[in-house]
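Participant: Have a look; sequence and predicted model below, questions after that.
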Amino acid sequence: MGFEVKLPPQLKACLVEDWDLVNKQKQLFQLPAETNVDCILASYVTFLKSQGKCDNTEYSVDELVYGIREYFNNMLGTQLLYQFEKPQYAEMLLAYPDTPMSQIYGAPHLLRLFVNIGTALSHSSLNRHSLMSVSSYMHGFLNYLVENSTSLFDASNYKVASAAYCFKAL
């Protein structure tokens, strides 16, 4: 059963800019991120709870955030990085061996997860009804990213990679 998460146009534009910065302009997102994945997820939970959406949704949101974090940490090194970023990832693993990467990486990498997560979820044990619920919650989260896109997806968080790094990345 196929499953796809539809990205809002504003987030697609963020992905395009991210791709261009990394692959064409040879810039790297500065790590550790000022606002890491765990902070973004915690802010989302806080936001929802402040909106009074604490009926059955509260439990589901906690589960959603847990799932996103787990998928992110498991998929980052193999599916979410561009080839040019792999040496930086190796450096982060050495520098922070006991730290989940969701505490190191930021919004652009989290956004890339949503391009691939549909395939991962379609291979999960979730039934169709559960997938539809997860999809609904994910779209709520993506809308939250849109509302906060100006602060989360800022080109100033990227820096041109050194010549030595570029040589290593080839």
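Facilitator: That came through fine.

Participant: nearest residue to the one residue sitting closest to the centre of the chain other than its sequence neighbours?
Facilitator: With distances taken as Cα atoms, centre = their mean, Leu110 lies nearest the centre of the chain, 0.5 Å away. Closest residue in space to Leu110, ignoring its immediate chain neighbours: Val37 at 4.9 Å, by Cβ to Cβ, 6 or more residues apart in numbering. To be clear about C-beta, it is placed using only N, CA and C from the backbone, and glycine gets the same treatment.

Participant: Against Gln25, how distant is the one you found?
Facilitator: Computed as Cβ to Cβ, to the nearest Å, the Val37 to Gln25 distance reads 23 Å.

Participant: Neighbour count for these two, which is higher?
Facilitator: Taking neighbours as other Cβ atoms under 10 Å, Val37 and Gln25 compare with Val37 leading, 24 against 11.

Participant: for this protein, what spans make up the strands?
Facilitator: For the chain, applying DSSP state E gives strands covering 27-29, 158-160.

Participant: and among those strands, the most buried is which?
Facilitator: strand 27-29 (a mean of 19; mean count of other Cβ atoms under 10 Å).
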